[in-house]
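Engineer: With the input below, show me the fold.
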Amino acid sequence: MDPPQGLEWLEELPCSVTVCDEHYTVLYLNGRAAEVNAKDGGKSLVGRNLLDCHPPEAQEKLRRVMASGVPNVYTIEKQGVRKMIYQCHWRRNGAVAGLIELSFELPREVPHFVRG
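Structural biologist: As a prediction, the model looks like this:
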């Protein structure tokens, strides 16, 4: 699936964007998400079940996000690269329509500012 009209810029965004529907069917992966998931099929993951791409513990977390609406936010490190993962539900006409996952690289030191 291509990005929705007017959102073509998602394809070249320097972070991974994955979207699934309320049945966990993958609807969209942007270019970066396809690259990151190339060994698992890249863009061919569209139409497949997102839960099948995760171990049981992660599947349960995704189910909790879908049911509760509370985002799952964490950092990971793979091969020396730190990433922020943000998983949340998205809505259509007020009803939960699925999940979105954003993943982006973090620099070693991330400044933190308290704004008033």
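Engineer: quick one: E12 and G31 touch, right?
Structural biologist: Yes. At 6.3 Å, E12 counts as touching G31 under the criterion of C-beta atoms under 8 Å. C-betas here are computed from N, CA, C, even on glycine.
Engineer: buried residues in the helix or strand containing L62?
Structural biologist: L62 belongs to helix 56-68 when elements are defined using DSSP states H and E. Neighbour counts over helix 56-68 (16 or more other C-beta atoms under 10 Å) mark 59, 62, 65-66 as buried.
Engineer: The helix or strand that that helix is followed by - contacts with which helices or strands?
Structural biologist: Next helix or strand after helix 56-68 toward the C-terminus (DSSP H and E): strand 72-78. Judged by 3 or more C-beta pairs under 8 Å, 6 or more residues apart in numbering; DSSP states H and E, strand 72-78 is in contact with helix 56-68, strand 81-92.
Engineer: Reformat the ones you listed as TSV; add mean pLDDT.
Structural biologist: Shown next, in TSV, are the helices and strands packed on strand 72-78 (pLDDT from 0 to 100):
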stretch	mean pLDDT
helix 56-68	95
strand 81-92	95
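Engineer: The ones you listed: which one's closest to K39?
Structural biologist: strand 81-92 (15.8 Å; C-beta to C-beta).
Engineer: So which bits of that closest one are buried?
Structural biologist: Buried, per 16+ other C-beta under 10 Å, within strand 81-92: 83, 87, 89.
Engineer: tell me the angle it makes with helix 56-68.
Structural biologist: Comparing the axes of strand 81-92 and helix 56-68 via axes from the mean of the first three to the mean of the last three C-alpha atoms, to 10 degrees yields an angle of 40 degrees.
Engineer: other SSEs contacting strand 81-92?
Structural biologist: Packed next to strand 81-92, using 3+ C-beta pairs under 8 Å, 6+ apart, are helix 56-68, strand 72-78, strand 95-106.
Engineer: export it as PDB, just CAs?
Structural biologist: Output in PDB follows, covering the C-alpha atoms of strand 81-92 (Å, rounded to 0.1, in the frame of the first residue of the first chain):
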ATOM      1  CA  VAL A  81      22.600   1.800  17.400                       C
ATOM      2  CA  ARG A  82      20.100   3.100  19.900                       C
ATOM      3  CA  LYS A  83      16.500   3.500  18.900                       C
ATOM      4  CA  MET A  84      13.300   4.900  20.300                       C
ATOM      5  CA  ILE A  85      10.200   2.800  19.700                       C
ATOM      6  CA  TYR A  86       6.800   4.400  20.000                       C
ATOM      7  CA  GLN A  87       3.700   2.200  19.600                       C
ATOM      8  CA  CYS A  88       0.200   3.600  19.900                       C
ATOM      9  CA  HIS A  89      -3.300   3.100  18.500                       C
ATOM     10  CA  TRP A  90      -4.700   5.300  15.900                       C
ATOM     11  CA  ARG A  91      -8.400   6.300  15.400                       C
ATOM     12  CA  ARG A  92     -10.800   6.700  12.600                       C
END
